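J.: sharing a model that was predicted from the sequence below.
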Amino acid sequence: MAEAGDTPPARRVVPHGSAAVTAAGWPALGLAVAIGGWWLVTSAFPLVHPAVLPPLSEVLTAFQVKSAELISGLAMTTLETVAGFLISVVAGVLIGLLLAASRAAERMFSPLLVAINAVPKIALGPLLVVSLGWGQRPILTMVFLLSFFPIVLSTATGLTSTPAELAELARSLDASRWQTFRKVRFPAALPHIFVGLKVAMPLAAIGAVIGEFQAGEGGLGYQIVQYSGIADSATAWAAITLLAAMSVALYSALVLVERLALPWVRETTSER
């Protein structure tokens, strides 16, 4: 027990630069472990057939030889993913607003939305090709179908979970319904909405690849199918690796947007 007059122990302060290094170090360590595991099961102790998972050296060689084609496919898939995701954001937030604003609309359309989300989207691929043709439209539709539901759910949940003290404060200040929505309900719902956006972003990438499998004329998904079909698994895995890197980059960009848009969230919540 500390005696009276004792100087309290100094609080440990971690420099900002050190925290940044630590934040970057853990993902780098995870990547190193994944690469080491890949090397172990394909080169040091060949436990996997090269047709299923080729050695990392062959994948790197394939990327060097066909880098222009792979980068072109990456650009196309990224564009499809981002465009479809933005469409999902607009539609998902609007539908979520409708469900939160009207109990009748929620009871009418929630079961329908759940049913649409439950349908395996790959089963809709051939129907989308028949109805929309080849190219961008069925791919964007597939991205939308996979990614819009988490945004709808998170938006409706956030708007119907306004803290009671904030709602009471708005009423005590005689705020109008629009002022309450703009100043209280929507800002309070933003953390929930960003949770849905972060769930939807990887799903958008999956939707783009599924769409390219079914109706693509380019992109990483199209290349994966083409090169797998001619037993060029090294190039197919190069495309898969680029697809994974794209998904991580887009997710990280969304997390950065959340931190910039909602700086107060980190200040009012506890850290692990």
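T.: Done, it's in.
J.: the residue nearest to the spatial centre of the chain: which element?
T.: Geometric centre of the chain, nearest residue: residue 201, 2.3 Å, by C-alpha atoms, centre = their mean. Using DSSP states H and E, residue 201 sits within helix 186-215.
J.: so where is the chain shaky, pLDDT-wise?
T.: 1-24, 164, 174-175, 266-272 (pLDDT under 70).
J.: okay, helices next: where are they in it?
T.: Under the criterion DSSP state H, the chain contains helices at 16-39, 56-65, 67-101, 103-118, 125-132, 136-159, 164-172, 177-180, 186-215, 220-229, 233-261, 263-268.
J.: could I get these as JSON lines with distance to residue 46?
T.: (Glycine included, C-beta is placed from N, CA and C.) Below are the helices of the chain laid out as JSON lines (distance: least, C-beta to C-beta, whole Å):
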{"stretch": "helix 16-39", "distance to residue 46": "11"}
{"stretch": "helix 56-65", "distance to residue 46": "13"}
{"stretch": "helix 67-101", "distance to residue 46": "26"}
{"stretch": "helix 103-118", "distance to residue 46": "41"}
{"stretch": "helix 125-132", "distance to residue 46": "35"}
{"stretch": "helix 136-159", "distance to residue 46": "36"}
{"stretch": "helix 164-172", "distance to residue 46": "60"}
{"stretch": "helix 177-180", "distance to residue 46": "64"}
{"stretch": "helix 186-215", "distance to residue 46": "28"}
{"stretch": "helix 220-229", "distance to residue 46": "20"}
{"stretch": "helix 233-261", "distance to residue 46": "14"}
{"stretch": "helix 263-268", "distance to residue 46": "46"}
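J.: which one of these is the most hemmed in?
T.: Mean neighbour count, computed with mean count of other C-beta atoms under 10 Å, is highest for helix 136-159 among the helices of the chain, reaching a mean of 24.
J.: I'd like the distance from it to the chain centre, please.
T.: For helix 136-159, the distance from its own C-alpha centre to the chain's C-alpha centre is 11 Å (C-alpha atoms, centre = their mean, to the nearest Å).
J.: and what of stretch 66-79?
T.: For stretch 66-79, the distance to the chain centre is 20 Å (C-alpha atoms, centre = their mean).
J.: which residues touch the residue nearest to the centre of the chain?
T.: With contact set as C-beta atoms under 8 Å, 6 or more residues apart in numbering, residue 201 has these partners: 85, 147, 247, 250-251, 254.
J.: ok, back up a step: quick one: which of the helices of the chain is nearest residue 45?
T.: helix 16-39 (9.6 Å; C-beta to C-beta).
J.: possible to save the contacts of residue 201 as a markdown table with distance to residue 32?
T.: What follows is the contacts of residue 201, written out as a markdown table (distance: C-beta to C-beta, whole Å):
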| residue | distance to residue 32 |
| --- | --- |
| 85 | 30 |
| 147 | 31 |
| 247 | 19 |
| 250 | 22 |
| 251 | 20 |
| 254 | 25 |
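J.: list just the nearest of those to residue 34.
T.: Among the contacts of residue 201, and counting by C-beta to C-beta, the member closest to residue 34 is residue 247, at 14.4 Å.
J.: distance check, the residue nearest to the centre of the chain against residue 59.
T.: According to C-beta to C-beta, to the nearest Å, residue 201 and residue 59 sit 25 Å apart.
J.: same deal with residue 188?
T.: In terms of C-beta to C-beta, residue 188 sits 46 Å off from residue 59.
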